[in-house]
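Q: I'll drop the sequence and a predicted model, then ask my questions.
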Amino acid sequence: MLLGCIGDDFTGSSDLANTLSKQGMRTVQYTGIPNGNAEADVEAGVVALKSRSIDPQDAVTQSLAALEWLLAQGCEQIFFKYCSTFDSTPEGNIGPVADALALALDAHKVIVCPAFPGTGRSIYHGHLFVKDVLLSESGMQNHPLTPMTDPDIRRWLAPQTKFEVGHVGAESVLAGADAIKGALAAEHANGKRLVVVDALRDADLMEIGEAADGLPLITGGSGVALGLPRNFARRGLISQNTATWRGETGKCVALSGSCSNATRAQVELHSRSNPSIEVPAADVIEGRLLPETVVHWLVQADGIPLAFSSADPAAVKEVQAEFGRERSAEALEGFFAEVARQLVRSGVTKLLTAGGETSGAVVEGLDLTTLEIGPEIDPGVPALRAGNALVVALKSGNFGAPDYFEKAARVLGASTTQ
Ligand SMILES: Nc1ncnc2c1ncn2[C@@H]1O[C@H](COP(=O)(O)OP(=O)(O)O)[C@@H](O)[C@H]1O
Ligand SMILES: O=C(O)[C@@H](O)C(=O)COP(=O)(O)O
């Protein structure tokens with residue numbers, strides 16, 4: 001294994017695995033830390049953790065264990081993947097995990113770059129934009145678990161890390177890899193260890209990737225991983241293999257616990273031409289609605305049936321005010337995990353999940369240990385084979401076109417050569 005990745009959620013990890021796979025690396029996504037060794041031909045390994053919203057110390061412990069496993073597989077470089085919208089709170093978990101990995105690897109000049117131009121995330125003057133609006137005006141200020149109320153990544157990261165936060169501006173990035181290297185060295189000389197790097201275009205990410213050649217640790221969104229495989233390819237270390245994708249026939253069901261603007265629009269459009277059932281948060285939390293009721297409904301329904309708890313910010317606030325943020329999230333995630341378990345037991349072969357934490361709960365609930373990367377459905381969302389008779393797609397809340405669910409069902413069902 002050449003490149004070892006630690007992802008802080010499951011959708012984000014499949015997004016990253018998709019990016020690396022498209023760049024020709026034979027990539028495998030693992031759910032948590034595998035028990036045994038990776039297969040010898042794996043070039044990039046993504047250890048997916050559900051560590052974005054847990055206690056910071058637990059996130060550090062799990063990430064260090066993942067690091068140990070990846071280093072034991074021979075990885076030369078480590079990539080810590082978090083969300084392209086930098087989902088975190090003043091307590092963590094991006095800063096504490098980045099600090100711990102930097103210390104363990106004796107890494108300095110640690111790039112912090114959540115940019116993902118393919119999905120409209122860019123960084124300029126240290127500020128994160130989602131398309132043409134600042135992060136804090138993009139809808140992410142209303143995120144149920146990690147409300148992003150400040151778009152300045154330097155300022156958002158500072159209380160999370162014990163190191164000084166530096167910055168490499170667009171003027172250096174646009175001047176290319178050598179200028180970026182120079183700017184990183186200057187920040188290092190100034191005592192900065194975690195360095196936010198501006199990026200506007202995929203071309204910038206390629207230059208940042210080149211500047212990162214040989215650095216032990218890089219952190220960022222999946223976008224910045226775009227430029228890493230080329231460093232290994234230059235040394236003739238990548239197989240550039242093409243894989244075939246075997247779609248599944250059979251029933252496809254969609255589950256959504258994401259409350260993002262993008263998912264709510266997808267739910268709305270999908271519900272117009274497919275059976276859909278709302279899962280009211282309060283009914284789940286208070287035990288009035290049972291998973292088997294929803295499963296029974298989904299299994300009977302035609303088309304691509306959808307069960308969703310996705311709700312607008314006012315409704316989410318109300319539920320959280322009544323039951324608490326953690327209790328609401330735990331109850332809903334547990335509910336969807338149980339629904340997924342029962343669906344698969346009843347013969348569903350194609351499962352679509354929307355929402356990072358929701359998808360994480362489903363993947364853990366189904367005990368899916370290894371995910372094989374298939375074709376891309378929409379930017380950042382690959383089809384995944386999870387077992388002999390099960391294919392899944394784990395959609396990040398923010399991703400996907402309005403007709404995502406129907407498109408995903410089509411991709412999961414078709415066989416192709418990538
Ligand atoms: N109606 C609701 N009220 C309160 N919380 C909700 C509701 N629906 C979903 N949630 C919770 O909000 C969180 C959404 O996070 P996630 O699944 O990661 O979506 P995203 O990818 O959009 O961030 C989950 O913990 C989920 O259980
Ligand atoms: O970078 C991204 O936006 C995604 O890869 C990601 O991490 C998604 O997180 P969720 O929105 O919680 O699914």
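A: All right, it came through fine. Ligands and ions are numbered 1, 2, ... in the order given.
Q: Can you pull the phi and psi angles for residue 200?
A: Phi and psi for residue 200, reported as degrees, to the nearest 10, are phi -110, psi -30.
Q: Nearest residue to it in space, please, no chain neighbours.
A: Ranked by C-beta to C-beta, 6 or more residues apart in numbering and with sequence neighbours excluded, the top spatial neighbour of residue 200 is residue 122, at 4.7 Å. C-beta here means a position set from N, CA and C on the backbone, and glycine is covered the same way.
Q: Could I get the buried residue list for stretch 29-45?
A: 29-34, 38, 42-45 (16 or more other C-beta atoms under 10 Å).
Q: Would you mind measuring the gap between the ends of it?
A: 6 Å (C-alpha to C-alpha, to the nearest Å).
Q: What strands flank the strand ranked longest in the chain, and is each parallel or antiparallel?
A: When the chain is parsed with DSSP state E, its longest strand is strand 370-378. In the sheet, strand 370-378 lines up against strand 27-31 (antiparallel), strand 381-387 (antiparallel) (DSSP bridges).
Q: quick one on the thing from earlier: for the buried residues of stretch 29-45, which two are the farthest from each other?
A: Using C-beta to C-beta, the pair of these lying farthest apart is 32 and 43, separated by 20.5 Å.
Q: Bridging across strands, which residues link to the residue nearest to residue 200?
A: residue 129.
Q: Show the contacting residues for it.
A: 115, 128-129, 199-201 (C-beta atoms under 8 Å, 6 or more residues apart in numbering).
Q: Any chance of the residues you listed in TSV with distance to ligand 2, pLDDT and neighbour count as columns?
A: Formatted as TSV, these follow (distance: C-beta to the nearest ligand atom, whole Å; pLDDT from 0 to 100; neighbours: other C-beta atoms under 10 Å):
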residue	distance to ligand 2	pLDDT	neighbour count
115	10	98	30
128	11	98	27
129	13	98	18
199	13	98	31
200	16	98	16
201	17	98	14
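Q: between these, which is closest to residue 361?
A: Nearest to residue 361, judged by C-beta to C-beta, of those is residue 128 at 26.7 Å.
Q: neighbours around the closest residue to the closest one other than its chain neighbours, how many?
A: Here the nearest residue to residue 128 in space, its sequence neighbours aside, is residue 135; by C-beta to C-beta, 6+ apart that works out to 4.3 Å. Neighbour count for residue 135, taken as other C-beta atoms under 10 Å: 25.
Q: so residue 135 makes contact with residue 124?
A: No - if you go by C-beta atoms under 8 Å, residue 135 and residue 124 don't touch, sitting 11.7 Å apart.
Q: any common contacting residues for the two?
A: Between them, residue 135 and residue 124 share no contacting residue, judged by C-beta under 8 Å, 6+ apart.
Q: and residue 83, what does it touch?
A: Counted by C-beta under 8 Å, 6+ apart, residue 83 has contacts 8-9, 12, 52, 114, 221, 356, 396.
Q: how about 6 Å then?
A: residue 12 (C-beta atoms under 6 Å, 6 or more residues apart in numbering).
Q: likewise residue 158?
A: Contacts of residue 158 by C-beta under 6 Å, 6+ apart are residue 165.
Q: That one belongs to a helix, doesn't it?
A: Yes - counting by DSSP: H, G, I helix; E, B strand; the rest coil, residue 158 is located in a helix.
Q: what pLDDT does it get?
A: For residue 158, the model assigns a pLDDT of 98.
Q: just residue 415 next, same as before
A: At residue 415, pLDDT is 84.
Q: dump the residue contacts of it.
A: Here residue 415 is in contact with 246-247 (criterion: C-beta under 6 Å, 6+ apart).
Q: That one and ligand 2, how far apart?
A: 26 Å (C-beta to the nearest ligand atom, to the nearest Å).
Q: which residue sits closest to residue 417, ignoring its sequence neighbours?
A: residue 244 (5.0 Å).
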